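Q: from the sequence below, what's the structure:
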Amino acid sequence: MNEIHIVAELEVLPQHREAFMPELRALVDGSRGESGNRGYELTEDISNMCRFFVLETWASQEAVDAHNVSPHFTAFGAFAEGKLRHMNVTLLKKVFQAE
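A: Residues are numbered from 1 along each chain as shown. Alright, predicted model coming up:
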């Protein structure tokens, strides 16, 4: 199995948090609808309401590549321009598979 897991951390500037919510919803809904998506969860830091983590699972690197050029992903990226304090994206793969 070639699944790719991604943890994306986004810290939104406080003045943009409310405007981000519908944009995040569109990103989540669009991503969940992609054929290569195996899981897409948006979580929020309990101690910082402007800090979000997106927990993603994709069938393959090809699915990630397709996601990165999807209309909902590129629209979100354009919207987020200049509105984030911090962003970090980590790609992961499993070391051991379940037996």
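Q: centroid residue for the chain?
A: Closest to where the C-alpha atoms of the chain average out (CA atoms, centre = their mean) is V54, at 4.2 Å.
Q: what's across from the closest residue to that one other than its chain neighbours in the sheet?
A: Leaving aside its chain neighbours, V54 sits nearest to A8 (4.2 Å; criterion: CB to CB, 6 or more residues apart in numbering). Yep, even glycine has a C-beta here, placed from its N, CA and C like the rest. With DSSP bridges as the criterion, A8 is bridged to V54, V89.
Q: looking at it, A8 is touching F53, isn't it?
A: Yes - applying CB atoms under 8 Å, one finds A8 in contact with F53, separated by 6.9 Å.
Q: and for the longest helix seen in the chain, what's in contact with it?
A: Taking DSSP state H as the assignment, the helix of the chain that covers the most residues is helix 17-32. Identification of contacts with helix 17-32 by CB atoms under 8 Å, 6 or more residues apart in numbering yields 12, 37, 40, 42, 49-50, 52, 54, 56, 67, 70-73, 75-76, 79-80, 83.
Q: mind redoing it with 10 Å?
A: Around helix 17-32, the neighbours that count as contacts under CB atoms under 10 Å, 6 or more residues apart in numbering are 10, 12-13, 16, 37-42, 44, 49-50, 52, 54, 56, 58, 67, 70-73, 75-80, 83-84.
Q: in strands, which of these fall?
A: Of these, the ones assigned to strands by DSSP state E are 10, 12, 37-42, 44, 49-50, 52, 54, 56, 58, 84.
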